[in-house]
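Q: predicted model follows, preceded by the sequence.
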Amino acid sequence: MGTRFKGNPRQVLALNSYIALLRCAETVTSYTARHLAASKLTIGQFGVLETLYHLGPLCQRDIGRKLLKSGGNMTTVIDNLVKRGLVERHPYPDDRRYWQIDLTTAGRELIADLFPVHLERIAERLQVLSAEEQEQLRVLCRKLGLAEL
């Protein structure tokens, strides 16, 4: 079902596409992240753990850039992960203004257990698309996300 908005055809098509994109992203994210509740993790917290797991220690600003999150949001997410003993902050070796964020042993063990489950849920959800369609989706999303206006 499309929008009930009665704009010009260009606007109606854009709005319908946008709504479908958001609904799809929310549905897929909800499905793939459902298992995180058992570990009492938010999607943002999982994103931080996963980023550190695959990339190693990073400064908070770089984590925020990778996850497309604001500095304030990253501070809250990381504060909560520190309280749970899943990450730790260390003064950045070359510049004391920055803090390096790293996984603790508990954080590394948790993400090592959760990531394969998360990845399998993503693969399950996307299996309705052929390999070619998944590649098309990736290319189109990248094109839309990187477009300069």
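A: Received it, and whenever you're ready, just let me know what you need.
Q: quick check: closest non-adjacent residue to residue 93.
A: Nearest residue to residue 93, sequence neighbours excluded (C-beta to C-beta, 6 or more residues apart in numbering): residue 100, at 7.5 Å. C-beta: built from backbone N, CA, C; applies to glycine.
Q: pLDDT score assigned to that neighbour?
A: Predicted confidence (pLDDT) for residue 100: 92.
Q: likewise residue 33?
A: 90.
Q: list the contacts for it?
A: 43, 46, 118 (C-beta atoms under 8 Å, 6 or more residues apart in numbering).
Q: that one: helix or strand, and which one exactly?
A: Per DSSP states H and E, residue 33 falls inside helix 9-33.
Q: which element follows that helix toward the C-terminus?
A: Helix 9-33 is succeeded, C-terminally, by helix 43-55 (DSSP H and E).
Q: what's that next one packed up against?
A: Counting contacts by 3 or more C-beta pairs under 8 Å, 6 or more residues apart in numbering; DSSP states H and E, helix 43-55 is packed against helix 9-33, helix 60-67, helix 71-83, strand 87-91, strand 99-103, helix 105-126.
Q: turn those into a markdown table, including distance to residue 149.
A: What follows is those, written out as a markdown table (distance: least, C-beta to C-beta, whole Å):
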| stretch | distance to residue 149 |
| --- | --- |
| helix 9-33 | 13 |
| helix 60-67 | 20 |
| helix 71-83 | 24 |
| strand 87-91 | 36 |
| strand 99-103 | 32 |
| helix 105-126 | 28 |
